[in-house]
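Peer 1: coordinates only, sequence not included:
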């Protein structure tokens, strides 16, 4: 059975590559506007929508969809729209703890499993120059919350899965994929 990653994220591709030798990347073009006030449920719904949109054209495959959200003070922080929005997000997170939630859906013609993982992340206190320098790299604009744990240097503490914060909770995903091992490996 072919495995498909329904994501354009190079970070998810790298992480899934640690679990599955051969897979195809087919980014989802699903509408990501879901109505949900609960961030945990929203992450799960978004992962499901992404997986389903790819699965509908690849029904003999195993599809992995994922979505990561950053939550601070009960507010969901998406991908920054511009430099000012990135600055606002990073300033808001400076010196504080927030949650990173990744929803994951694994879908086959017989089974659909959706779960979420939550990690708590604490930022060091940031000065404006650190924030402006990071924004100048262009890195914030494709990441929820406006930062990547792997490239920002902002994180001073993490409770939970590091890979979850990067964008794919590989520990939990490995457990789910183990149910399909024979089919994946042929």
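Peer 2: Happy to help now that I have it. It should be emphasised that the depicted structure is a prediction, and the values quoted were computed from it without experimental measurement.

Peer 1: what's the longest helix in this structure?
Peer 2: In the chain, assigned by DSSP state H, the helix with the most residues is helix 39-55.

Peer 1: for it, which positions count as buried?
Peer 2: 39-40, 42-55 (16 or more other C-beta atoms under 10 Å). Any C-beta I mention is one placed from the backbone N, CA and C, and that applies to glycine too.

Peer 1: lowest-pLDDT helix or strand in the protein?
Peer 2: helix 181-185 (a mean of 70; mean pLDDT, DSSP states H and E).

Peer 1: any idea how far residue 101 is from the residue nearest to residue 94 when sequence neighbours are not counted?
Peer 2: Nearest non-adjacent residue to residue 94, counting by C-beta to C-beta, 6 or more residues apart in numbering: residue 126, 4.1 Å away. Separation of residue 126 from residue 101 (C-beta to C-beta, to the nearest Å): 22 Å.

Peer 1: likewise residue 47?
Peer 2: Separation of residue 47 from residue 101 (C-beta to C-beta): 10 Å.

Peer 1: what about the strands in the protein?
Peer 2: Secondary structure of the chain by DSSP state E: the strands cover 3-5, 24-25, 62-72, 75-77, 97-107, 112-123, 155-159.

Peer 1: give me every residue that touches the residue nearest to residue 94.
Peer 2: 90-91, 94-95, 154 (C-beta atoms under 8 Å, 6 or more residues apart in numbering).

Peer 1: who wins for most neighbours among those residues?
Peer 2: Counting neighbours by other C-beta atoms under 10 Å, the top entry in those is residue 90, with 25 neighbours.

Peer 1: Go through the contacts of residue 126 and name the one nearest residue 142.
Peer 2: residue 90 (14.7 Å; C-beta to C-beta).

Peer 1: give me every residue that touches that closest one.
Peer 2: 126, 131, 134-135, 140, 146-147, 154.

Peer 1: mind putting those in CSV, pLDDT included?
Peer 2: Listed next are the contacts of residue 90 as CSV, based on pLDDT from 0 to 100:
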residue, pLDDT
126, 97
131, 97
134, 97
135, 97
140, 95
146, 96
147, 96
154, 97
